[in-house]
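Colleague: have a look at this fold, sequence not included:
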């Protein structure tokens, strides 16, 4: 009985334990399934999604014939003129932003060490009307043939002056320090400018100097942003030029009735300092600017939140507002300005935290050099490859594991909010572009164009993060290639000189029919002087330059800008000027080493010294030349396209020293003049 009792009890206990164990397992399994479901749901919600491109990325442009193409975003051959029916001029676009933003921030500025201060859209519109009324009170006429000069750095008053002119249908003529006195006289007389608005006293003094020489008779009034001395006022009085203070003047005037412009009216005359001859005044209409801006908006409409506030753009380039600036105004966004000192630009970026950032390739190259110089290169490049793998599938983000671990400091150095970067004005290395798209985690677009087509004619397509091209034609323009027999480029092969026709192409050069005829042919095609190549996906690659080609003594054609773009990929090279002579058989170069890496680069090769000392060291020069030769061979440059001797120069080419144009292109004539002695010395050596 006892045994039976024990035997009868324990099986029940074992069964009870087994049931409880199964229940616990079921609970555990359910918990795991629940956790897995939660993780799956989280991943589905937060997983990286590729940007949906607005067209087939394998066919980004549509062919009209073998060499002429238009944007695939267009339904037919009718090019885009306006995106919004209520925004057909720059004035209209700003008014649209005013309706959206009202008293919201528009133009930002800051003093050293202080936060940004903002002028509202309402204030900008009011000040523009008051300033424009003042211009009329001083004798300016409210029509597109009235040219008002502006001689100032990029700052809020620049935009207010521009809007003041547009409010009363007047045209703006920007002036630059780098033009020089002779060119300034040419512009003042050609445009018959009586009124110039300046920022600082030294610029007013340079204009008075011209007036005192009696070489210009039209100049009669200067308005200064900054305070000025009584001596300047007296100097102006003596030569018949009235000088007014901006802040005192614009708040004590009667208002005139608004007289806004029409799309066909002239908006701005951009004088290109150019590389040779007198500056040419490219006449840009409101319709030109509106169509160019509309095309940028059309391309970016793929992202519906692109222009939702708060959007902020950093403006620091020394040129009139671009399509991106006007796009900002059109949508009521903010535009912040740098302090005027390029050395403080990074501090301005950190403070402003921009979402849009138009930038020249040179700055991107410097960022690339700094980032890639880290000691943890193996980890960095592994992380870059992982991000580039996402890029290849169309994913662009800044919240991946690699962003948190590796790239967050890089992104924070540019404010941490960047969503769009536009680079143009010069080619950028595909290596640099792909690297920065990965590390910065934002959309980086590359564009191509020139002043004569209102800045842009091609633009990268959202979703296409490949490099080595400048995108497809903008919806406002058609692009074709024409034969250049001397350089062996033929349109039938998809190569040739880039020509542009459309709503963004300029009206011509001011009072210069001869050079207008050289740029615009009878069918309205703008001949750029650049050489392009169509890629299979309908994008354009810039491969050469027609305007600056020359022959060496053996008859080989040389395109120096193409060669210079290769050499700037060398680690120690910041800037380079390649020179050749039809009486010589080889090329020579002037190289400005990168001051941030040059000393350490030389030290790694066993040479120690200051930056200036290293520039004079023959062993260092030899090492730099060897590095340049290796890069040239890797890039496929032929032997006659490689420099055989060079001079290391310790000072950067810049706008201020007259060796770069305001758009940061090399002024080749001035470079040849400045370095004529060094060029002669290099060629005086025995033939290489």
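Modeller: On my side now, so go ahead. Because the structure is a prediction, the values reported are computed rather than measured. Numbers count the residues shown, from 1 in each chain.

Colleague: low pLDDT regions in the chain?
Modeller: 1-47, 65-66, 250-253, 273-277, 302-311, 316-323, 375, 553, 555, 686-688 (pLDDT under 70).

Colleague: next SSE downstream of the host helix or strand of residue 324?
Modeller: Assessed by DSSP states H and E, residue 324 sits inside helix 323-330. Following helix 323-330 in sequence order, the next helix or strand is strand 334-337 (DSSP H and E).

Colleague: next, work out how far apart the closest residue to residue 186 other than its chain neighbours and residue 515 are.
Modeller: Spatial nearest neighbour of residue 186, excluding adjacent residues (C-beta to C-beta, 6 or more residues apart in numbering): residue 278 at 5.3 Å. Glycine gets a C-beta too; all of them are placed from N, C-alpha and C. Distance, residue 278 to residue 515, using C-beta to C-beta, to the nearest Å: 9 Å.

Colleague: how about residue 468?
Modeller: 33 Å.

Colleague: what are the ranges of the strands in the stretch 151-300 of the chain?
Modeller: 171-174, 195-198, 221-224, 242-245, 266-272, 280-285 (DSSP state E, counting those that start in this stretch).

Colleague: need the ones you listed in a markdown table (columns: mean neighbour count and distance to residue 335).
Modeller: Shown next, in a markdown table, are those (neighbours: other C-beta atoms under 10 Å; distance: least, C-beta to C-beta, whole Å):
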| stretch | mean neighbour count | distance to residue 335 |
| --- | --- | --- |
| strand 171-174 | 23 | 17 |
| strand 195-198 | 25 | 19 |
| strand 221-224 | 23 | 22 |
| strand 242-245 | 16 | 25 |
| strand 266-272 | 24 | 17 |
| strand 280-285 | 24 | 19 |
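
Colleague: and these as JSON lines, adding distance to residue 668?
Modeller: Listed next are the strands of the stretch 151-300 of the chain as JSON lines, based on distance: least, C-beta to C-beta, whole Å:
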{"stretch": "strand 171-174", "distance to residue 668": "23"}
{"stretch": "strand 195-198", "distance to residue 668": "29"}
{"stretch": "strand 221-224", "distance to residue 668": "33"}
{"stretch": "strand 242-245", "distance to residue 668": "38"}
{"stretch": "strand 266-272", "distance to residue 668": "14"}
{"stretch": "strand 280-285", "distance to residue 668": "16"}
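
Colleague: show me what contacts residue 104?
Modeller: Residues in contact with residue 104, defined by C-beta atoms under 8 Å, 6 or more residues apart in numbering, are 120, 121, 309, 332, 334.

Colleague: for the closest residue to residue 464 other than its chain neighbours, helix, strand, or coil?
Modeller: When the adjacent residues along the chain are set aside, residue 464 lies closest to residue 57, with 4.9 Å between them (C-beta to C-beta, 6+ apart). Here residue 57 is recorded as coil under DSSP: H, G, I helix; E, B strand; the rest coil.

Colleague: can I assume residue 57 is in contact with residue 462?
Modeller: No. The pair residue 57 / residue 462 is not scored as a contact, 9.6 Å apart, by C-beta atoms under 8 Å.

Colleague: who has more neighbours, these two?
Modeller: A count of neighbours by other C-beta atoms under 10 Å puts residue 462 above the other of residue 57 and residue 462, at 23 against 19.

Colleague: the more buried one contacts residue 51, correct?
Modeller: Yes. Under the criterion of C-beta under 8 Å, residue 462 makes contact with residue 51 at 5.5 Å.

Colleague: out of everything not next to it in sequence, what's closest to residue 165?
Modeller: Looking at residue 165 with C-beta to C-beta, 6+ apart, the closest residue is residue 172, at 4.9 Å.

Colleague: same deal with residue 489?
Modeller: Residue 489's closest residue in space is residue 495 (C-beta to C-beta, 6+ apart), at 4.4 Å.

Colleague: what sits against residue 629?
Modeller: residue 642 are the contacts of residue 629 under C-beta under 8 Å, 6+ apart.

Colleague: any idea how far residue 622 is from it?
Modeller: In terms of C-beta to C-beta, residue 629 sits 10 Å off from residue 622.

Colleague: the closest residue to residue 608 other than its chain neighbours: neighbour count?
Modeller: Leaving aside its sequence neighbours, residue 608 sits nearest to residue 602 (C-beta to C-beta, 6+ apart; 7.4 Å). Residue 602 has 23 neighbours, counted by other C-beta under 10 Å.

Colleague: so residue 602 belongs to a helix, correct?
Modeller: Yes. Residue 602 sits within a helix when classified using three-state DSSP.

Colleague: that one against residue 611, yeah?
Modeller: No. If you go by C-beta under 8 Å, residue 602 and residue 611 don't touch, sitting 9.3 Å apart.

Colleague: now stretch 449-464, how far from the chain's geometric center?
Modeller: 10 Å (C-alpha atoms, centre = their mean, to the nearest Å).

Colleague: go on, stretch 337-352?
Modeller: With C-alpha atoms, centre = their mean, you get 16 Å for stretch 337-352.

Colleague: ok, now stretch 374-389?
Modeller: With C-alpha atoms, centre = their mean, you get 26 Å for stretch 374-389.

Colleague: can you give me the buried ones in it?
Modeller: Within stretch 374-389, the residues scored as buried using 16 or more other C-beta atoms under 10 Å are 380, 383, 384, 387, 388.
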